[in-house]
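Asks: take a look and give me a structure for this.
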Amino acid sequence: MGTAEIITDAGRAYIKAMGNRQGPHALACEFVGTQLARWFGLPTFDHAILTLGEDDEIPFHRGGQAQAGPAFVTRAEPGRTWGGGEEELGSIVNPDDLARLVLFDTWTLNCDRHPPELAARKPNYDNVFLSEEGADAGRFRLVAMDHTHCFTCGRDLSQPVATIDRIKDERVYGLFPGFVSTLQARRAVVEAGAELLRAFDRDRCREIVESIPMEWGVDDAARDGLCELVCQRAAFVADHMTEWLAPACWPQGEFRFDTKGEGT
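Replies: Now for the predicted structure:
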């Protein structure tokens with residue numbers, strides 16, 4: 001994306017703008033993905049749409065320059081990206097959100113954290129951010145960030161985005177090996193997240209998708225297709241997520257005991 005750091009009235013921020021190498025549809029995916037993450041209860045960076053003018057000169061980190069038009073801006077927070085070690089996760093104050101993040105990435109087909117097929121794409125530890133904001137000294141708050149590869153894994157949005165293979169993709173996204181032990185103790189969080197996905201409705205989806213800036217070139221057919229994908233996949237993931245996670249997280253199943261103390 002060629003993200004650039006800027007200084008705003010609210011302090012340091014990061015901007016993703018038109019003219020980036022991935023194109024304007026990546027901005028739309030970032031915007032919609034962030035809105036969905038927030039609806040799902042995940043912490044996200046404070047964000048806004050900032051309109052750049054012709055006179056604004058913002059060079060991208062990896063070359064090129066931002067173009068005039070609406071850009072996606074997030075407020076910087078003190079913290080660091082995850083190094084990949086399981087022991088680091090013991091210092092986060094919101095461990096339930098690790099389970100919700102895996103649900104979210106699977107729902108949105110986000111291939112840019114921990115992809116389901118490692119032969120095609122490497123894990124991206126930089127997309128797991130541990131914020132110091134809102135946490136005591138030595139502790140961190142997990143923040144869901146960087147959603148440019150939701151829905152299409154970096155390709156442009158189009159009307160056929162809601163294909164049956166995407167809607168019914170049975171692979172798990174976002175499940176780093178270091179997350180497994182945390183999820184093992186949070187089956188109830190996964191089940192509650194699935195129930196929340198069942199409550200997602202088309203009106204909410206339409207409200208989010210219709211707010212994509214027109215300058216980002218997502219036409220009406222692509223917006224309809226994106227809503228179809230998001231809504232149908234929410235129901236599909238809700239019905240199957242516990243089953244998909246079981247081999248890695250609950251391979252022995254769960255024992256419950258009746259009043260006589262006999263395993264059932």
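
Asks: need the per-residue pLDDT for the residue nearest to Pro115 when sequence neighbours are not counted.
Replies: Nearest non-adjacent residue to Pro115, counting by CB to CB, 6 or more residues apart in numbering: Arg121, 4.2 Å away. C-beta here means a position set from N, CA and C on the backbone, and glycine is covered the same way. On the pLDDT scale, Arg121 is placed at 92.

Asks: what's the burial count for Arg121?
Replies: Neighbour count of Arg121, defined by other CB atoms under 10 Å: 15.

Asks: let me see the domain layout of the chain.
Replies: Listed domain ranges for the chain are 4-75, 79-249 (source: automatic domain parsing).

Asks: on that earlier part again, check contacts around the residue nearest to Pro115.
Replies: With contacts defined as CB atoms under 8 Å, 6 or more residues apart in numbering, Arg121 is in contact with Cys111, Asp112, Pro115.

Asks: wasn't the first one part of a strand?
Replies: Think Cys111. No: counting by DSSP: H, G, I helix; E, B strand; the rest coil, Cys111 falls outside a strand, being coil.

Asks: hmm, it is touching His149, no?
Replies: Yes: the pair formed by Cys111 and His149 meets the contact definition of CB atoms under 8 Å, at 5.2 Å.

Asks: neighbour-wise, which of those two wins?
Replies: The neighbour count for Cys111 versus His149, taken as other CB under 10 Å, is higher for His149 (25 against 22).

Asks: look up how far Met214 lies from Leu175.
Replies: Between Leu175 and Met214 the distance is 36 Å, computed by CB to CB, to the nearest Å.

Asks: these two: which has the busier surroundings?
Replies: The residue with the greater number of neighbours, taking Leu175 and Met214 and applying other CB under 10 Å, is Leu175; the counts read 23 against 9.

Asks: where does the closest residue to the more buried one other than its chain neighbours sit: helix, strand or coil?
Replies: For Leu175, ignoring the flanking residues on the chain, the nearest one in space by CB to CB, 6+ apart is Val102 at 5.1 Å. Judged by three-state DSSP, the three-state class of Val102 is helix.

Asks: so which strand or helix has the closest residue in space to Leu98 that isn't next to it in sequence?
Replies: Nearest non-adjacent residue to Leu98, counting by CB to CB, 6+ apart: Thr182, 4.8 Å away. When secondary structure is defined by DSSP states H and E, Thr182 falls within helix 180-184.

Asks: show me where the stretch 1-150 of the chain has strands.
Replies: For the stretch 1-150 of the chain, the strands identified by DSSP state E, counting those that start in this stretch occupy 4-8, 11-16, 47-52, 69-75, 79-81, 128-131, 141-144, in order along the chain.

Asks: low-confidence ranges in this structure?
Replies: 253-264 (pLDDT under 70).

Asks: longest helix anywhere in it?
Replies: If each helix of the chain is counted by residues according to DSSP state H, the longest one is helix 220-249.

Asks: buried set for that helix?
Replies: By neighbour count, and taking 16 or more other CB atoms under 10 Å as the criterion, the buried residues in helix 220-249 are 222-223, 225-231, 233-234, 236-238, 241, 244-245, 249.

Asks: ok, back up a step: ok now the helix holding Thr182, how far from the chain's centre?
Replies: Here the centre of mass of C-alpha atoms in helix 180-184, compared against the chain's by CA atoms, centre = their mean, to the nearest Å, lies 19 Å away.
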